[in-house]
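Okay, here's the prediction I keep looking at, along with the sequence it came from:
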Amino acid sequence: MDSFYSYSLSELEQLLTPKFKAKQLYNWIYKKYKPNFNNMSNISVQECRKLRHSYSLDTVTMIDSQISSDNTIKFLAQLKDGLVVESVALIMAEKKVDEVKQRVIRSEQITFCISTQVGCKMACSFCKTGEAGWTRDLSAGEIVAQVVRMKEHMRLGEKKMVNIVYMGMGEPLDNFDNLTKAVDIIADSYGLDIAHRRQTVSTSGLTPNILKLGELNTGVQLAISLHAVTDSLRDELVPLNKAYNINSIIDAVKKFPVDRRKKILFEYLVIKDKNDDIEDAKKLSVLLSGIDAKVNLIYFNPFPGSMYERPTQKAMERFKFYILSRGIFCSIRQSKGLDIMAACGQLAGKKVASPSMHERRKEIGRGFYKEIAQRRQS
Ligand code: SAH
Ligand code: SF4
C-alpha cells in the first residue's frame, strides 16, 4: 500500500472523485495531523474505509526522542521496514522589538533538520553518517512524514512557521526525484504550507543535480558543503570531490537561480590545523567573488572514533572576521544538541537498546511533549 504522504495534491485530485476530496484530505492530514482515516467529519464512513485500503499513514513512527540542554530535540523515526533515521528540531529563541508598543517580544524560530537517506554513500571523512555507508533512499512520503510527525509531537499549530533544512542523514541530491517531490508536497499551501524559500537543500556537491535543481527554479534554497578551498584537501574530506571538483561546483552555483533577498549558503566545516588558517579564508573569499554568497562556519563536532579536532574559538573568529572584511556575510553556526549527539555530522540513526520501547512510545504521546511545550514557553 502506498504512503498517502507520497502523493501530491494534483495526483490525488486525479484519483479521487469528487476532486475536492483531495483538498479535504490534505487538510485533515497536514493541518490537523490526523494519523488515520477515522472520524473525518466531511468524509463518509464508506469512503474512509476505502481510503484505509488504498493509502497508508503509518509511514514514519517516532519511536524515541531526546531533548538536549539547549532544547534541541532529536527524534528517532522508524520506517515501515524497521530501519531508522534521525530528525532534529532546533529551537532558536529570538527577541524582537515591537517598535509601536516599545516592548520586547519573545519569539522563537523552529528549524527541522530532515533526513533524506538511510545512511549516505559519500563517505566524508569527518561525518558520522558517512561512516556506516548507505542502506537506501527515503521515499518522498518518508521525507514528508518526518515533518508531519515532528509538528504533531511538538504540538505546533498548523500556522506555526517552521524552516526545513535537508541536513539530516543522507545526501539529498543523491535522492533527487524523491527529494524534489517531497519539497513540493511540503510547500503546498493546502497542506503543510512551508514555502520553497523556507526549505534549504544542502549538498556535498553533486554538480549535475545542482544544475537540475536550478533548472526546476522552484525557489528552494541551496547550501553547499564546501569545507575546503583546495582540491587536494577536499578530495580527502569529501571523496565526491574527485568526481566533481571545486571549480565544477562553483560553475554550477553560478547558474543557480537566487531570490533577490536570499543568497547561496556555503557551509565550511572548520577543522583544527586542516583548514582553519587565514590563508584558507583568503582563498575562500577569492573563490566566492562574483557569487551572492553567505558563509556559515561550522565547528567540527567530534564523535567517538573521529580523527579530527575542533578548532579554537580564536581561529574561528579570525576566519570569520577576514571573510566579513571582504564584504561577504559570514556567521558561526551555533552547534546545537551536542550533548545528545544531535549536532551536525553526529547523526547515526542508531536504535536505542531500550527494553521498554513500548513505554517510551507511550511517554512520547504524553508527558515528554508537555515538557517540550513548557520549555518552549519559558
Ligand atoms: N549530505 C549533505 C547534507 C547532510 S550533512 C551535505 O553534506 O551537505 C549536513 C551538514 O553537516 C553538512 O554541512 C556537513 O558537512 C555537516 N557535518 C557533517 N559532519 C560533521 C561534523 N562531524 N561536525 C560538524 N558538521 C558536520
Ligand atoms: Fe553524506 Fe553529508 Fe555526511 Fe558527507 S557530510 S557523508 S554527504 S551526510
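Great, that's in hand. Ligands and ions are numbered 1, 2, ... in the order given.

Which residues of the stretch 51-200 of the chain lie near ligand 1?
126, 127, 167, 171 (Cβ under 6 Å from any ligand atom). Placement of C-beta: from N, CA and C, glycine included.

mind listing which of these are in helices?
If you go by DSSP state H, those have nothing in helices.

Among the residues you listed, which one is most surrounded by other residues?
residue 171 (28 neighbours; other Cβ atoms under 10 Å).

quick one: it from residue 204, how far?
Going from residue 171 to residue 204 by Cβ to Cβ, to the nearest Å gives 6 Å.

can you give me the end-to-end distance of stretch 130-147?
End-to-end span of stretch 130-147 (Cα to Cα, to the nearest Å): 23 Å.

Mind listing what's buried along that stretch?
130-131, 134-135, 137-147 (16 or more other Cβ atoms under 10 Å).

Quick check on the residue nearest to residue 203 when sequence neighbours are not counted: phi, psi?
Leaving aside its chain neighbours, residue 203 sits nearest to residue 173 (4.6 Å; criterion: Cβ to Cβ, 6 or more residues apart in numbering). With angles defined as degrees, to the nearest 10, residue 173 sits at phi -80, psi -10.

In the sheet, which strands lie alongside the lengthiest strand in the chain, parallel or antiparallel?
Ranked by residue count under DSSP state E, the longest strand found in the chain is strand 84-98. Counting by DSSP bridges, the strands paired with strand 84-98 are strand 73-79 (antiparallel), strand 103-113 (antiparallel).

Could I get the average pLDDT for it?
Throughout strand 84-98, pLDDT has a mean value of 84.

now could you export just the CA positions of that strand as CSV?
Taking Å, rounded to 0.1, in the frame of the first residue of the first chain, the C-alpha atoms of strand 84-98 are listed here in CSV:
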residue,chain,number,x,y,z
VAL,A,84,15.5,4.2,11.5
VAL,A,85,16.7,7.7,10.6
GLU,A,86,17.1,10.8,12.8
SER,A,87,15.2,14.1,12.5
VAL,A,88,16.2,17.1,14.6
ALA,A,89,14.2,20.1,15.8
LEU,A,90,16.3,23.2,16.5
ILE,A,91,14.6,25.9,18.6
MET,A,92,16.3,29.3,18.4
ALA,A,93,15.0,31.9,20.8
GLU,A,94,14.7,35.3,19.2
LYS,A,95,14.0,38.7,20.7
LYS,A,96,12.2,41.2,18.5
VAL,A,97,11.3,44.8,19.4
ASP,A,98,7.8,45.9,18.8
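
what's the spacing between it and its chain's center?
Mean C-alpha position of strand 84-98 versus that of the full chain (Cα atoms, centre = their mean, to the nearest Å) differs by 12 Å.

So which of the buried residues of stretch 130-147 belong to helices?
Short answer: the buried residues of stretch 130-147 in helices (DSSP H) are 130, 131, 140, 141, 142, 143, 144, 145, 146, 147.

that older thread, now the residues of the stretch 51-200 of the chain next to ligand 1 as TSV including pLDDT?
Formatted as TSV, these follow (pLDDT from 0 to 100):
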residue	pLDDT
126	94
127	92
167	95
171	97
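
ok so, going back, which of the ones in helices among the buried residues of stretch 130-147 come close to ligand 2?
Applying Cβ under 6 Å from any ligand atom to these, those adjacent to ligand 2 are residue 130.

Reformat the ones in helices among the buried residues of stretch 130-147 as CSV; add pLDDT.
Converted to CSV, those look like this (pLDDT from 0 to 100):
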residue, pLDDT
130, 84
131, 84
140, 98
141, 98
142, 98
143, 98
144, 98
145, 98
146, 98
147, 98
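
closest to residue 271 among the ones in helices among the buried residues of stretch 130-147?
Within these, proximity to residue 271 (Cβ to Cβ) peaks at residue 130, which comes in at 14.8 Å.
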